[in-house]
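Chemist: fold the stuff below for me.
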Amino acid sequence: MAASIFTPLLDTTKAIGSLHTSSSSSSYLPFLQSNRIKITPKSRTAVKIKVSNPRSSIPTASFSDPFVIEVAETLEDAISTASASPPPLPLQKLRDASSQSLLSTPWPSRKDEPFRFTDTSLIRNAQIVPVSSSPPQSLTDSEGTQVPNLVLIDGYIINSLSQLPELPDGAFIGSLSMIKSDDLMKKVSEFMSSFDGDLFWSINGVGAPDLVVVYVPEGCRIESPLHLRYYSIEGAEIGENRMPLSNPRVVVIVEKGGEVDLIEEYVGGDGCKCYWANSVLQVVIGEGAKLKHSYIQNQSLNAAHVKWTSVTQESASSYELVEISIGGKLSRHNLHIQQVGPDTSTDLSTFHLSSAEQTQDLHSSLVLDHPRGTSKQLHKCIVAHSLGQAVFDGNVKVNRFAQQTDAGQLTRSLLLEPRATVNIKPNLQIIADNVKCSHGAAISDLEDDQMFYFRARGVDPKTARRALIFSFAAEVIDRLPQKSLQKKVESNIKNLLEPTLGSL
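Modeler: Reported below is the predicted structural model:
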């Protein structure tokens with residue numbers, strides 16, 4: 001096993017766990033004295049510790065979660081075994097910073113406000129194992145695409161399946177290890193420390209096998225959308241306690257005046273497999289630059305899918321997001337957007353579907369710090385199963401100097417089963433005094449007056465209800481950049497809703 005900063009701490013926390021369950025602690029005194037450990041119990045699962053161990057120098061940790069430490073150490077061992085050569089500097093910086101963060105990060109529980117309505121026990125109760133370092137090269141791309149694309153299997157780039165045409169001079173898309181420009185490598189390295197997320201962000205930082213870099217130089221406009229397709233192939237069978245973990249990570253840098261469309265599509269290789277896809281996308285959009293981002297999540301209905309999207313927008317820049325999330329037993333999207341310049345525009349449109357015993361969760365945070373910023377957010381979801389639920393926690397913060405801001409937020413939820421659940425929390429925090437801000441929320445089944453409109457025109461109730469359900473989602477789906485992509489998403493939604501629609 002490779003040397004790891006987690007090993008002594010993991011050994012210590014396991015010993016402490018045994019100490020809590022023992023009727024007498026006297027037998028542990030030699031161990032504690034030899035390792036010079038100071039213990040201040042806070043609870044059975046959270047303790048303050050300070051370790052001085054000859055094998056490793058470990059900083060003080062206020063909390064040490066044995067499960068988190070064990071996952072981190074397993075990922076470190078898998079990465080070190082798979083890599084014969086040292087990683088590029090930006091990737092090494094990311095791993096070091098993430099390792100330090102995990103030393104003091106507990107696993108989230110329902111007692112934590114961000115996870116109040118989101119049960120992560122699907123992951124917590126499983127045996128987490130890193131995916132194989134050698135993805136199957138025999139995978140054939142049966143879907144095909146007419147746009148430039150990069151294929152990742154379980155977080156690893158597969159060049160044989162990717163179709164990357166020539167890009168404009170200076171533009172780049174590919175692995176971090178393929179970068180030849182010292183200037184670009186320096187920019188990526190500086191960008192890696194620009195934001196710190198939560199536990200899942202740090203786990204990705206430790207376990208990311210590589211970085212996918214998308215770079216658009218100043219004044220460059222890439223005509224065709226860039227399509228990133230993520231396949232989750234390795235998975236456990238239903239009933240197993242094993243959950244393979246993948247950690248794809250993408251960095252997007254769009255410099256001043258640049259423009260690009262980015263499509264992210266997540267697909268489960270087998271609709272019944274159990275796995276955990278833990279993905280991160282970091283974006284910086286330069287002055288006057290534009291990024292249109294489409295995010296489609298259609299993972300296995302037995303999988304866990306956790307995604308972080310962090311966006312930094314400079315002055316007069318534009319960011320548009322269209323999100324369709326219909327897969328995963330547990331799906332959570334953490335979306336953080338920071339406007340760091342005036343005259344900045346943000347437009348967010350999301351649609352979530354819980355067609356089975358699923359949790360669809362969107363936690364978004366938008367921070368406006370400068371004048372004349374605009375933001376629009378539309379969140380729509382359908383819960384079509386009695387044990388399905390959707391969660392929306394949307395925070396828009398308009399700070400003191402963000403005068404003349406125009407911010408709107410609207411969430412609408414459609415419940416098709418009596419026991420279906422939606423938990424929503426639209427939230428505006430306004431400190432500036434010269435703003436135009438609004439938010440609204442609605443949760444209901446289809447209304448009688450909507451049905452009456454169709455019935456009055458001779459449409460039977462079953463057809464009317466189908467039309468209303470699909471038109472509810474169409475408002476977001478129609479914003480996807482390509483007709484072929486829209487039809488594909490519509491077909492997937494119809495297949496998932498067929499059991500519900502068939503019983504109407």
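Chemist: tell me the pLDDT of the nearest residue to Ala473 once chain neighbours are set aside.
Modeler: By the measure of C-beta to C-beta, 6 or more residues apart in numbering, the closest residue to Ala473 outside its immediate chain neighbours is Phe351, 5.4 Å from it. The C-beta positions use only the backbone N, C-alpha and C, and glycine is treated the same way. pLDDT for Phe351: 97.
Chemist: show me what Phe351 is bridged to.
Modeler: According to DSSP bridges, Ile324, Lys380 are recorded as the beta-bridge partners of Phe351.
Chemist: what's near enough to touch it?
Modeler: Residues near Phe351 by C-beta atoms under 8 Å, 6 or more residues apart in numbering: Glu323, Ile324, Ser325, Lys380, Cys381, Ala473, Val476, Ile477.
Chemist: can you tell me which two in these are farthest apart?
Modeler: Across the contacts of Phe351, the longest distance by C-beta to C-beta is 13.2 Å; it joins Cys381 and Ile477.
Chemist: neighbour count: these two, which is higher?
Modeler: More neighbours sit around Cys381 than around the other of Cys381 and Ile477, counting by other C-beta atoms under 10 Å; the figures are 27 against 19.
Chemist: if I look at the more buried one, how far off is Pro66?
Modeler: Spatial separation of Cys381 from Pro66 under the definition C-beta to C-beta, to the nearest Å is 35 Å.
Chemist: just Glu265 next, same as before
Modeler: Per C-beta to C-beta, Glu265 is found 36 Å from Pro66.
Chemist: what's the domain layout of the protein?
Modeler: According to the domain assignment given by automatic domain parsing, the chain is divided into the following structural domains: 6-121, 147-447, 448-504.
Chemist: pLDDT for the contacts of Phe351 - can I get that in JSON lines?
Modeler: Converted to JSON lines, those look like this (pLDDT from 0 to 100):
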{"residue": "Glu323", "pLDDT": "98"}
{"residue": "Ile324", "pLDDT": "97"}
{"residue": "Ser325", "pLDDT": "97"}
{"residue": "Lys380", "pLDDT": "96"}
{"residue": "Cys381", "pLDDT": "96"}
{"residue": "Ala473", "pLDDT": "92"}
{"residue": "Val476", "pLDDT": "96"}
{"residue": "Ile477", "pLDDT": "96"}
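Chemist: let's have the residues you listed in CSV, adding distance to Leu91.
Modeler: Formatted as CSV, these follow (distance: C-beta to C-beta, whole Å):
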residue, distance to Leu91
Glu323, 27
Ile324, 30
Ser325, 28
Lys380, 37
Cys381, 36
Ala473, 39
Val476, 35
Ile477, 36
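Chemist: derive a ChimeraX selection command for the buried subset of the residues you listed.
Modeler: To isolate the buried subset of the contacts of Phe351 in ChimeraX, counting by 16 or more other C-beta atoms under 10 Å, use the following:
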select :323,324,325,380,381,473,476,477
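Chemist: just the contacts of Phe351 now: which is nearest Ala126?
Modeler: For the contacts of Phe351, the minimum distance to Ala126 (C-beta to C-beta) is 21.4 Å, reached by Ser325.
Chemist: got any ranges where the stretch 151-300 of the chain has weak pLDDT?
Modeler: Within the stretch 151-300 of the chain, the ranges that satisfy pLDDT under 70 run 193-194, 269-271.
Chemist: please repeat the previous calculation with a cut-off of 50.
Modeler: Counting by pLDDT under 50, the stretch 151-300 of the chain contains no low-confidence segment.
Chemist: ranges for the strands of it?
Modeler: Secondary structure of the stretch 151-300 of the chain (DSSP state E, counting those that start in this stretch): strands at 156-157, 172-175, 212-216, 226-232, 242-246, 249-254, 259-268, 276-285, 290-298.
Chemist: out of the ones you listed, nearest to Ser310?
Modeler: Going by C-beta to C-beta, the one of the strands of the stretch 151-300 of the chain nearest Ser310 is strand 276-285, 5.1 Å.
Chemist: need the CA coordinates for the closest one. CSV is fine.
Modeler: What follows is strand 276-285, C-alpha atoms only, in CSV (Å, rounded to 0.1, in the frame of the first residue of the first chain):
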residue,chain,number,x,y,z
TRP,A,276,-21.6,6.4,-7.8
ALA,A,277,-20.6,9.1,-10.3
ASN,A,278,-19.1,12.1,-8.5
SER,A,279,-18.4,14.8,-11.0
VAL,A,280,-17.1,18.4,-10.9
LEU,A,281,-17.1,21.1,-13.5
GLN,A,282,-15.2,24.4,-12.9
VAL,A,283,-15.8,27.3,-15.2
VAL,A,284,-14.4,30.8,-15.5
ILE,A,285,-15.9,33.2,-18.1
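Chemist: strand partners of it, parallel vs antiparallel please.
Modeler: strand 242-246 (parallel), strand 249-254 (parallel), strand 304-313 (parallel).
Chemist: now it: how far from the chain's centre is it?
Modeler: Chain-centre distance of strand 276-285: 6 Å, with C-alpha atoms, centre = their mean, to the nearest Å.
Chemist: what does stretch 296-308 give?
Modeler: Relative to the mean C-alpha coordinate of its chain, stretch 296-308 is positioned 9 Å out (C-alpha atoms, centre = their mean).
Chemist: and Pro418, what element?
Modeler: Per DSSP states H and E: Pro418 is located in neither a helix nor a strand.
Chemist: SS state for Val93?
Modeler: One correction, residue 93 is Lys, not Val. Per DSSP: H, G, I helix; E, B strand; the rest coil, the secondary structure class of Lys93 is helix.
Chemist: what residues are up against the nearest residue to it once chain neighbours are set aside?
Modeler: Nearest-residue entry for Lys93: Met192, 5.5 Å, with adjacent residues in sequence omitted and distances by C-beta to C-beta, 6+ apart. Shown in contact with Met192 (C-beta under 8 Å, 6+ apart): Pro90, Lys93, Leu94, Ala97, Val251, Gln282.
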